[in-house]
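Visitor: For reference, the sequence and a predicted model appear below.
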Amino acid sequence: AQSVAQPEDQVNVAEGNPLTVKCTYSVSGNPYLFWYVQYPNRGLQFLLKYITGDNLVKGSYGFEAEFNKSQTSFHLKKPSALVSDSALYFCAVTWTGRRALTFGSGTRLQVQP
Amino acid sequence: DSGVTQTPKHLITATGQRVTLRCSPRSGDLSVYWYQQSLDQGLQFLIQYYNGEERAKGNILERFSAQQFPDLHSELNLSSLELGDSALYFCASSAGLAGLNEQFFGPGTRLTVL
């Protein structure tokens, strides 16, 4: 079955340190991968997406993600975390012929000052 | 601000009742998606409309229905409500029909069924 997994419920990182939020997917065919962020009492905000082309995708607020086909992963990264990055992060996948997103379970990022 | 609006922000109702959630997409977007977010099920796709027509269906219960009007706003109707329907309901919109277009989410409607 087509799916996406976020193996960590929570990631803790100190401000100024690099951060990584993990995502793996299982899709037959070509995946289209997305990252969204959700702040408390807010809707989801689009961060970045991979459709095709360069495996390193740059997005909003200094975030980037690397598509790795052999490891079926799409980890979200940022070189230097900010306290304001603390939020819930969702990885999502869709594929050719499917119109809706399938979301992972979410990872709570906590950046400590 | 995503440009997607949802009303009401909060809704408290009783079991067995019927409610309507409303969504206005971003200007120019023809696709509207509905999602349900709950603690036990996570974020689940319910249904998609494109330019007034239903185009994709997800885990939507038979007690739930939706429509998209000529002005492109959409309504999600939930009937015979049960305690388990308590959740955050999001509307999202995108420019095109295909899933590879990024979706822009509204702030959500929090439904509490007592």
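Guide: Now that the structure is in, tell me what you want to look at.
Visitor: going forward, measure contacts and count neighbours with C-alpha atoms only.
Guide: OK.
Visitor: Quick test: name the residue nearest the centre of chain B.
Guide: Nearest to the geometric centre of chain B sits B:W34, at 3.1 Å (C-alpha atoms, centre = their mean).
Visitor: Around B:E53, how many other residues sit close by?
Guide: If you count neighbours by other C-alpha atoms under 10 Å in any protein chain shown, B:E53 ends up with 12.
Visitor: How about the residues of chain A by chain B?
Guide: A:32, A:34, A:41-46, A:49, A:51, A:94-105 (C-alpha under 8 Å from any C-alpha of the partner chain).
Visitor: Direction included, what does the helix or strand harbouring A:C91 pair up with?
Guide: Per DSSP states H and E: A:C91 is located in strand A:87-95. Its sheet considered, strand A:87-95 pairs with strand A:31-38 (antiparallel), strand A:102-103 (antiparallel), strand A:107-112 (antiparallel) by DSSP bridges.
Visitor: Figure out how far it is from the centre of its chain.
Guide: What separates the centre of strand A:87-95 from the centre of its chain is 5 Å, taken as C-alpha atoms, centre = their mean, to the nearest Å.
Visitor: List of residues touching it?
Guide: A:3-6, A:21, A:23, A:25, A:27, A:29-40, A:100-110, B:99-100 (C-alpha atoms under 8 Å, 6 or more residues apart in numbering or on different chains).
Visitor: of the residues you listed, buried ones?
Guide: The neighbour count (16 or more other C-alpha atoms under 10 Å in any protein chain shown) marks A:4-6, A:21, A:23, A:25, A:27, A:31-38, A:100-110, B:99-100 as buried among these.
Visitor: just the strands in chain B please.
Guide: For chain B, the strands defined by DSSP state E cover B:5-7, B:10-13, B:19-24, B:31-38, B:42-50, B:53-57, B:64-68, B:74-78, B:87-94, B:104-105, B:109-113.
Visitor: swap that for chain A, sorry
Guide: Along chain A, the segments classed as strands by DSSP E run A:3-5, A:10-14, A:19-21, A:24-26, A:31-38, A:44-50, A:56-58, A:64-68, A:73-78, A:87-95, A:102-103, A:107-112.
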